[in-house]
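A.B. asks: just the structure for this:
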Amino acid sequence: MQAWKDYQSQNKERFLDELLELLRIPSVSADSKYKGDVARCADAVKDHLLRAGCDTAEVCPTAGHPIVYGEKIVDPSLPTVLVYGHYDVQPADPLNLWHSGPFEPVIKDGKIYARGACDDKGQMYMHIKALETMVKTNSMPCNVKVMIEGEEEVGSVNLGKFLEDNKQKLKADIVLVSDTSMISMEHPSIESGLRGLAYMEVEVTGPNRDLHSGVYGGAVANPATILCKMIASLHDENNHITVAGFYDKVQELSDAERKAINNAPFDLAEYKAELGVKEDWGEKGYTTLERTGIRPTLEVNGIWGGYIGEGAKTVLPSKAYAKISMRLVPNQVSDEISDLFKKHFEAIAPDSVQVKVTAHHGGEPVVTPTDSAAYQAAAKAIRTTFGKEPIPTRGGGSIPIIALFERTLGLKTVLLGFGLDNDNIHSPNEKYDVANYYKGIETIPYFHKYFAESFGK
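C.D. replies: Alright, predicted model coming up:
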């Protein structure tokens, strides 16, 4: 629609400046020292929703960080889209690897560099500006409800209760999320599934105190060494996960489905060069696209113990720790996998150490139907603004609340993401292309239009 294009063109600089202001707020949900900044960011999101044209917007307290809710109801008889996003961000560490300040956004070579640029402030804010576009041009094709949370990066621990307590308020026909990626601007895609997650922390204890490595080394088990051996044993020679029962419920895809996944544009040599690795790695018998989309994984996210300060300290540590995450595929259940891992890790511990295994947050894998009216509306919106047919893909990441939406609200979700896999989310120098940001704002109103037109057919 020309009115949308004109409005967006006239306001594009403001749209970008507002996002940069939001990125300057260090809304790190995992670190308590940023609690005030998280609250400040929630207030800012609420204000932006009101300025965009929401009838009402509020900051809803939870037992943790608040959830921001707003709505624009034009006609109760029209379909309603529930937009979900999050305003919290990952910690910026390690700071010394950033080319610029993580909360001092800069634009370089057409890319916004800042923590949260892509995950998820940039993508979340596209929806607020898309809503503004429709409201200010008097062209709202459906009702829109917006829920932006502040705990996605710490497992959405209070979202479930919020959904249970607000089922009527959140009543809608579909959930729309932009917290995912596409292949490229040249090859637009829509993710039709996400992996689940089971996140664990392990503690290995040896002697009752740190010991002198010369006096006791070779006679007392070193927890750091034992931990490394235990972790190494979690994969076999084919990089197959050795946790007993881990694969029992894994849904195997047909040859045709695997072929379709591998038809997506992908250059392995380019992939390795971009990452600075000589060889790819993973489960034998599967391609890189399969390993990152349809197969479960187990990865060490952090490992530490003993002396890690400057200089030398000849110590045999009393304890060693690791954080381990497992990405799950359809039919795997996060609680079951957490239990299997705990039993396995405890069973492989030698008598020379004690092991403690703690399960943190988890979430279930999801697959969204590509033949639904909502998915087709998203595909048509992509065709309208990109001029190309979107490629269906499976996302390697996890958004645990997608399964929660279906279980609690009875709603399916469309994953209309505009990020790129190389946007460095959760890493130093996170970025988001300005072109992708604007393309999202351009495309999202068409989703609302086409979904409203197809609703009930």
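
A.B. asks: wait, what's in contact with residue 91?
C.D. replies: 28, 30, 31 (CB atoms under 8 Å, 6 or more residues apart in numbering). Just so you know, the C-beta spots here come from the backbone N, C-alpha and C atoms, and that holds for glycine as well.

A.B. asks: roughly how far apart are the second one and residue 187?
C.D. replies: Put plainly, it is residue 30. As for residue 30, its distance to residue 187 is 34 Å (criterion: CB to CB, to the nearest Å).

A.B. asks: repeat that for residue 399.
C.D. replies: For residue 399, the distance to residue 187 - CB to CB - is 22 Å.

A.B. asks: between these two, who's got more neighbours?
C.D. replies: For residue 399 versus residue 187, neighbours defined as other CB atoms under 10 Å are more numerous around residue 399 (26 against 16).

A.B. asks: pLDDT score assigned to the more buried one?
C.D. replies: Looking at residue 399, its pLDDT is 84.

A.B. asks: what do you get for the one 10 residues further on?
C.D. replies: Among the per-residue scores, residue 409 holds a pLDDT of 97.

A.B. asks: now do the helix or strand encompassing residue 42: which elements does it pack against?
C.D. replies: Using DSSP states H and E, residue 42 sits in helix 35-52. When contacts are defined as 3 or more CB pairs under 8 Å, 6 or more residues apart in numbering; DSSP states H and E, helix 35-52 sits against helix 2-23, strand 56-60, strand 67-72, helix 121-136.

A.B. asks: what about that helix, average pLDDT?
C.D. replies: The model assigns helix 35-52 a mean pLDDT of 98.

A.B. asks: low-confidence ranges, the chain, go.
C.D. replies: 456-457 (pLDDT under 70).

A.B. asks: ok, which stretches of it are helices?
C.D. replies: Assigned by DSSP state H, the helices in the chain fall at 2-23, 35-52, 121-136, 159-165, 213-216, 223-232, 255-262, 268-275, 288-291, 334-347, 373-386, 401-404, 434-454.

A.B. asks: what is the neighbour count of residue 98?
C.D. replies: Count around residue 98 with other CB under 10 Å applied: 19.

A.B. asks: any idea how far it is from residue 36?
C.D. replies: Counting by CB to CB, the gap from residue 98 to residue 36 is 22 Å.

A.B. asks: kindly report the same for residue 282.
C.D. replies: Taking CB to CB, one finds residue 282 at 42 Å from residue 36.

A.B. asks: neighbour-wise, which of those two wins?
C.D. replies: residue 282 (16 against 11).

A.B. asks: now the more buried one: how far from residue 289?
C.D. replies: From residue 282 to residue 289 the distance is 11 Å (CB to CB).

A.B. asks: same question, residue 301
C.D. replies: Counting by CB to CB, the gap from residue 301 to residue 289 is 22 Å.

A.B. asks: tell me which of those two has more neighbours.
C.D. replies: Using other CB under 10 Å as the criterion, residue 301 and residue 289 rank with residue 289 on top: 19 against 12.

A.B. asks: can I assume that one is in contact with residue 268?
C.D. replies: No - the criterion here is CB atoms under 8 Å, and residue 289 misses it with residue 268 at 9.5 Å.

A.B. asks: and this structure, what are its domains?
C.D. replies: 2-194+366-454, 196-250+296-363 (automatic domain parsing).

A.B. asks: how far does the shortest one sit from the chain's center?
C.D. replies: Yep, that's domain 196-250+296-363 we're talking about. 24 Å (CA atoms, centre = their mean, to the nearest Å).

A.B. asks: over to stretch 252-262?
C.D. replies: 24 Å.

A.B. asks: ok, now stretch 370-389?
C.D. replies: Centre to centre, stretch against its chain (CA atoms, centre = their mean), the figure for stretch 370-389 is 22 Å.

A.B. asks: buried set for that stretch?
C.D. replies: By neighbour count on 16 or more other CB atoms under 10 Å, the buried set for stretch 370-389 is 373-386.

A.B. asks: nearest to residue 249, of these?
C.D. replies: Each of the buried residues of stretch 370-389 was checked against residue 249 using CB to CB; the closest is residue 375, at 25.4 Å.

A.B. asks: neighbours around the spatially closest residue to the closest one that is not a sequence neighbour, how many?
C.D. replies: What sits nearest to residue 375 in space, not counting adjacent residues and going by CB to CB, 6 or more residues apart in numbering, is residue 414, at 5.9 Å. Using other CB under 10 Å, residue 414 has 26 neighbouring residues.

A.B. asks: residue 414 pairs with what?
C.D. replies: On the basis of DSSP bridges, residue 414 takes part in beta bridges with residue 176.

A.B. asks: would you confirm that it contacts residue 178?
C.D. replies: No - counting by CB under 8 Å, residue 178 is not a contact partner of residue 414; they are 9.5 Å apart.

A.B. asks: what is the neighbour count of the spatially closest residue to residue 137 that is not a sequence neighbour?
C.D. replies: Distances taken as CB to CB, 6+ apart place residue 3 nearest to residue 137, at 4.3 Å, with adjacent residues excluded. Residue 3 is flanked by 14 other residues according to other CB under 10 Å.

A.B. asks: return the member of the contacts of residue 91 nearest to residue 242.
C.D. replies: residue 30 (30.1 Å).

A.B. asks: wait, isn't the closest one in contact with residue 152?
C.D. replies: No - Residue 30 is beyond contact range of residue 152, at 10.8 Å (criterion: CB under 8 Å).

A.B. asks: look up how far residue 201 lies from residue 208.
C.D. replies: 21 Å.

A.B. asks: I should have written residue 94 there, sorry.
C.D. replies: In terms of CB to CB, residue 94 sits 20 Å off from residue 201.
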